[in-house]
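In: need coordinates for the below:
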Amino acid sequence: MYKAGDVILAQIQFTDTFEIKKRPSVILFEEFDNVIVAGITSNLRMEGISLSKDEGAIKDSIIKLNYIFTISTKMIVKKLFSLSITKKKLLYQELTNRLSELIN
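Out: Okay, the predicted model is just below:
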């Protein structure tokens, strides 16, 4: 099965259209064949956490913390690589910080 920190290629529906494309995402949480993921973009002007080719990305990218959604495991095409422990800790720390801002 998949685990938190796995970078996957998945069938993703865009929020502004009904179009579905294969896009990279990072798994945040998986349970009962439902997977919560954060989208990944190669648009380096976007805000988020950087992800480099040296870390396994096809090209330098950004993990978008403002683009989180749930998909079925059936939408996953394949696992690409896993984030390092250091990068995974950074990801969850940034998510925690953003969520904490909502309650303060």
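
In: quick one, grab the pLDDT at Q93.
Out: Predicted confidence (pLDDT) for Q93: 96.

In: is it in a helix, a strand, or coil?
Out: helix (DSSP: H, G, I helix; E, B strand; the rest coil).

In: ditto for I68
Out: Going by three-state DSSP: I68 is strand.

In: number of residues surrounding the residue lying closest to D33 once chain neighbours are set aside?
Out: Distances taken as Cβ to Cβ, 6 or more residues apart in numbering put T73 closest to D33, at 4.6 Å, once the chain neighbours are dropped. Bear in mind the C-beta positions are built from the backbone N, C-alpha and C, glycine included. With neighbours defined by other Cβ atoms under 10 Å, the count for T73 comes to 15.

In: hmm, T73 is touching E30, no?
Out: Yes. With contacts counted by Cβ atoms under 8 Å, T73 reaches E30, the gap being 7.3 Å.

In: picking that back up, who are the contact partners of the residue nearest to D33?
Out: 1-2, 30, 33-35 (Cβ atoms under 8 Å, 6 or more residues apart in numbering).

In: top of these by neighbour count?
Out: Going by other Cβ under 10 Å, V35 tops the contacts of T73 with 25 neighbours.
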